[in-house]
Structure formats: C-alpha cells, structure tokens
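>>> dropping the sequence and predicted coords here.
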Amino acid sequence: MEKTAKGQKDLLAQVANRDLCTSCGACATHCPYLVSYRDRTVALHPCDLADGKCYSSCPRTGLDITALQKFYFPDSPLTAELGPFRGYHHVRSRQAANRLKVQHGGVVTSLLNLALAEGIIDTAILSEKREKFLPQAIVTTSSEDIVTCAGSRFVMAPLLAQFIRSVREGSGRIGMVLLPCQLQALAKMRREAAGTDEPIGPLALGVGLFCGWSLVWRDFIKLLQTRLEVAAVTRMDIPPRKDTLEITAGERSYDFPLAEIQSLIRPACRFCVDTTAEFSDISVGSAGDTEGEGDSSGWNQVIIRSERGQELFNLALERGVIETRPLFDGALMELKQAARAKKRQALDSLIAKSGSPDDLIYLNPQDPLLQDILSLKPARDFR
C-alpha cells in the first residue's frame with residue numbers, strides 16, 4: 001500500500017475513534033503527546049504534525065500483510081491461513097517442575113531461557129503483573145524472572161515503548177514475547193526505519209503468542225473484584241473444551257463463563273486477522289483445543305516461521321529442553337481451518353464497518369492472501 005502522509009489527528013479520527021485501537025502502544029513510542037497509561041493510549045496534547053510516525057507505525061493503518069511478510073520472511077513459504085510457515089509441532093518442556101509453574105507446555109519459558117543461556121539474546125523484555133494485575137514491561141536476564149512472568153494475562157502490556165528505550169540504551173540483542181498486533185506494529189516500524197539512522201534496531205528473537213482477543217483491563221478488573229481478591233490472582237486460563245475463563249486466586253479457583261467475558265473484549269479485536277502471531281520467529285499457543293488426542297492441556301502448538309526460529313527450535317530439541325509428539329491426522333488442517341474462520345470473521349466485520357468489500361479500512365483489499373480468505377478457494381502457498 002502506498003504511504004500517505006498523516007499524523008496524530010488522522011490517527012485519532014481513523015483508529016482511536018473507530019474502535020480500531022489495540023492499545024499496542026506503538027504510536028506512543030514516537031510521540032511525546034501520546035502515552036500508554038493503564039491499558040489505554042492517551043493523547044496528552046494535540047499535535048499538528050502532518051506526517052507522524054505515530055500514524056505510520058500503527059498496526060491499524062496501511063497494513064499490507066503479504067508485502068510485509070515477503071520483506072521479513074523471504075525464504076519462508078506464505079500460507080493464507082497461517083502466514084510464514086516452516087513447520088508445525090505439538091511441543092512441551094521436558095522440565096516437569098517448570099510445567100507446574102508456568103502454563104500449558106511451558107515452551108515459551110524453555111525457549112527464552114535457552115536463548116539467554118546460549119547467547120542468542122542478551123536480555124528479554126517481558127510482561128510482569130503489577131498493581132491489580134495491570135501488566136508492566138520489565139527488562140531481565142534472569143531465568144527466574146522468565147518463569148515468574150509466564151502465563152496468560154488476557155490484557156495488553158506496554159512492551160513496545162520499553163523495546164525502543166532498550167535499543168536506544170544499547171541493551172544488546174533483545175528477545176520478546178508479543179501479541180500479533182504488537183508484532184505487526186514492530187514490523188512496520190522496523191521496515192520504515194530500514195536504511196535510515198532511526199535506532200529501531202533488530203529484534204534478536206520474537207516469540208509470538210496465539211491470540212483470539214484481549215480484554216479491556218479496567219472492565220476486567222471490575223468484574224474480578226465482584227468475586228475475588230485481585231491481588232491474590234496467580235493464574236488465568238481457558239481450560240480445554242470448557243467455555244469458561246478459570247482464575248486461580250490463593251487456594252481457590254473461580255470460573256467466569258466466556259459469555260460473561262465477551263462484553264469485556266477490546267472492540268478492536270473484532271477486526272484482527274491474525275490469531276497466530278504471523279510476524280514472529282516462532283509462534284506458540286495452547287494445544288488444549290485440538291481434537292483426537294484426549295487431554296492436550298499439557299502441550300503447546302508451535303509454528304516455526306523464520307530461519308532463526310527453526311535454529312532455536314532445533315537447538316532446543318538437541319539440548320533436550322523440549323520434546324515433541326506425533327501429530328494426529330488432520331492436526332495442521334484443523335489449525336488452518338480455525339485461523340481461516342477467524343480471518344474471515346474479521347474481514348466480514350471490516351466490510352460491514354466500511355460498507356464495501358473494496359474498503360478493508362486498514363488492510364490492502366488487493367492483498368492476495370486476504371483475497372484467498374474471502375474466496376472459496378482451497379488453501380495454497382503464496383510464492
């Protein structure tokens with residue numbers, strides 16, 4: 001998509017005021033008048049700059065997915081459902097003690113710890129729970145911190161601003177665990193900065209999390225406070241084949257029906273076409289919703305996307321920190337079908353919002369990947 005010079009006014013009008021803002025914080029990394037505050041992106045002062053990086057870095061403006069993926073993953077096949085794709089596995093950590101402390105298979109924790117130990121990354125930027133479960137960014141080289149930060153939050157963390165600060169401070173090779181919209185924003189920023197003196201810097205390792213939606217933090221906390229002590233929350237999860245969000249606080253477990261949670265979902269999530277973190281080196285999700293294998297709650301789904309993602313995965317197998325199991329027949333197709341359905345749902349929502357299939361608001365309507373999703377064509381590769 002051809003870049004158009006636009007700034008804060010356009011960002012607020014076209015994104016924030018149209019329920020498209022994900023609160024990823026990308027805009028706040030460039031503008032002193034925009035800040036990430038308590039799960040929201042807030043404009044402190046109007047800015048008249050006609051061409052602002054706040055606009056160009058937003059994942060909900062001018063996102064040409066296929067062109068951007070071809071730029072970052074020149075050697076990886078592209079699929080309509082899953083984006084860059086080198087392999088799919090069901091994986092878990094071989095450290096049983098860690099699996100008890102973290103979530104599902106513990107793969108993210110194992111990969112980050114291995115990357116630190118092997119010098120693949122010098123530091124990690126992660127989401128840490130703070131007051132009333134509000135996530136905050138931390139910079140760490142500690143394996144203990146990595147274990148402590150493990151687990152789902154279901155709310156957005158302001159990690160991108162910390163990434164930019166760390167790059168400017170010379171923190172070396174950085175590894176991060178990010179959601180799809182954060183990865184999209186970072187990909188846009190890094191491509192725009194390519195060939196310039198802008199200190200965006202490379203991300204040494206991007207681990208992406210599967211994401212169906214995130215919750216509006218302040219509304220979520222209000223709901224939790226009706227039933228439990230928020231400071232006591234230690235774990236959140238959607239158990240396999242259950243329509244509930246399970247919250248562990250102290251010695252008790254509380255079930256919140258997903259029907260009750262629906263109203264707390266961030267409106268922008270309805271318009272997201274990426275559930276599997278397509279701009280990461282390696283993507284990780286729960287395997288608890290797969291069919292044909294009984295209880296899969298102790299395993300992760302893993303998609304390998306880049307060469308460095310493949311190298312890290314191979315090293316983890318070689319070092320014995322993770323293990324895989326045979327996939328059941330149709331496992332990959334099941335994941336593709338779920339991802340295709342979510343993409344189609346998001347595209348239908350965008351078309352309903354704009355009133356025309358030729359206007360996908362922030363996406364390129366001529367993108368062959370999206371055209372494939374909107375058609376009834378079978379899955380194919382885009383190379």
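Yes, it's here. Everything numeric in this text was worked out from a predicted model, so none of it was measured. Numbering: from 1, shown residues only.

>>> helix, strand, or coil at residue 256?
strand (DSSP: H, G, I helix; E, B strand; the rest coil).

>>> gap between residue 65 and residue 81?
Look at residue 65 and residue 81: by Cβ to Cβ, to the nearest Å, they are 12 Å apart. (C-beta placed from N, C-alpha, C; glycine too.)

>>> could you do residue 63 as well?
From residue 63 to residue 81 the distance is 17 Å (Cβ to Cβ).

>>> now do residue 312
23 Å.

>>> quickly list what the nearest residue to residue 177 once chain neighbours are set aside is bridged to.
Nearest residue to residue 177, sequence neighbours excluded (Cβ to Cβ, 6 or more residues apart in numbering): residue 207, at 4.8 Å. Beta bridges link residue 207 to residue 177, residue 282, judged by DSSP bridges.

>>> is the residue nearest to residue 138 when sequence neighbours are not counted in a helix, a strand, or coil?
Of all residues not flanking residue 138 in the chain, residue 128 sits nearest, at 4.5 Å (Cβ to Cβ, 6+ apart). On the three-state scheme (three-state DSSP), residue 128 is labelled strand.

>>> distance check, residue 128 against residue 325.
31 Å.

>>> before we move on, what about residue 202?
33 Å.

>>> can you pick out the residue with more neighbours from those two?
residue 325 (13 against 10; other Cβ atoms under 10 Å).

>>> ok, that one - contacts?
90, 299 (Cβ atoms under 8 Å, 6 or more residues apart in numbering).

>>> list the beta-bridge partners for it.
Bridge pairing for residue 325 - DSSP bridges - gives residue 90.

>>> could you measure from it over to residue 89?
8 Å.

>>> where do the helices of the stretch 1-150 of the chain begin and end?
Using DSSP state H, counting those that start in this stretch, the helices assigned to the stretch 1-150 of the chain run over residues 8-14, 53-56, 65-72, 96-101, 107-117, 143-148.

>>> packing partners for the third one?
If contacts are counted by 3 or more Cβ pairs under 8 Å, 6 or more residues apart in numbering; DSSP states H and E, helix 65-72 sits against strand 78-79, strand 83-84, helix 180-193, helix 368-374.

>>> for the record, mean pLDDT for it?
Throughout helix 65-72, pLDDT has a mean value of 94.

>>> report the angle between the axes of that helix and helix 180-193?
60 degrees (axes from the mean of the first three to the mean of the last three Cα atoms, to 10 degrees).

>>> buried residues in helix 65-72, which are they?
65, 66, 68, 69, 72 (16 or more other Cβ atoms under 10 Å).

>>> would TSV of these with distance to residue 364 be doable?
Converted to TSV, the buried residues of helix 65-72 look like this (distance: Cβ to Cβ, whole Å):
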residue	distance to residue 364
65	7
66	8
68	10
69	12
72	16
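
>>> residue contacts, the spatially closest residue to residue 27 that is not a sequence neighbour?
Excluding the flanking residues, the one nearest residue 27 by Cβ to Cβ, 6+ apart is residue 54, at 3.8 Å. Residue 54 makes contact with 7, 8, 11, 26, 27, 28, 30, 31, 34, 47 under the criterion Cβ under 8 Å, 6+ apart.

>>> so which of the residues you listed belong to strands?
residue 34 (DSSP state E).

>>> tell me the one of the contacts of residue 54 nearest residue 243?
Closest to residue 243 out of these is residue 26 (32.8 Å), distances taken as Cβ to Cβ.

>>> measure stretch 37-46 end to end?
Distance across stretch 37-46, first residue to last, is 17 Å (Cα to Cα, to the nearest Å).

>>> what mean pLDDT does it have?
Here the average pLDDT along stretch 37-46 is 80.

>>> swap in stretch 217-231?
Mean predicted lDDT for stretch 217-231 stands at 91.

>>> buried ones in that stretch?
Those would be 217, 220, 221, 223, 224, 228, 230, for stretch 217-231 by 16+ other Cβ under 10 Å.

>>> which members of those residues are the farthest-apart pair?
217 and 228 (15.9 Å).

>>> can I get stretch 72-85 in CSV, CA atoms only?
Only the C-alpha atoms of stretch 72-85 are listed here, as CSV (Å, rounded to 0.1, in the frame of the first residue of the first chain):
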residue,chain,number,x,y,z
TYR,A,72,10.7,-10.1,6.5
PHE,A,73,10.4,-13.8,5.6
PRO,A,74,12.0,-14.0,2.1
ASP,A,75,12.8,-17.7,2.4
SER,A,76,9.6,-18.9,4.2
PRO,A,77,6.5,-20.1,2.3
LEU,A,78,3.5,-18.0,3.0
THR,A,79,0.1,-19.5,3.6
ALA,A,80,-3.2,-17.7,3.6
GLU,A,81,-4.3,-19.1,7.0
LEU,A,82,-1.0,-19.0,9.0
GLY,A,83,1.3,-16.6,7.2
PRO,A,84,5.0,-17.5,7.0
PHE,A,85,5.3,-21.3,7.7
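
>>> buried sites along it?
72, 73, 76, 78, 79, 80, 81, 82, 83, 84, 85.

>>> wait, the first one sits on residue 279?
So the one you mean is residue 72. Yes. In terms of Cβ atoms under 8 Å, residue 72 counts as a neighbour of residue 279; the distance is 6.7 Å.

>>> need the residues touching each of the two.
residue 187.

>>> for the residue nearest to residue 138, give its distance to residue 91.
25 Å.

>>> between the two, which one's more packed in?
More crowded of residue 128 and residue 91, by other Cβ under 10 Å: residue 91, with 24 against 15.

>>> just the pLDDT for the more buried one.
Looking at residue 91, the pLDDT reads 95.

>>> pretty sure it is touching residue 105, no?
Yes. Using Cβ under 8 Å, residue 91 is in contact with residue 105, at 5.9 Å.
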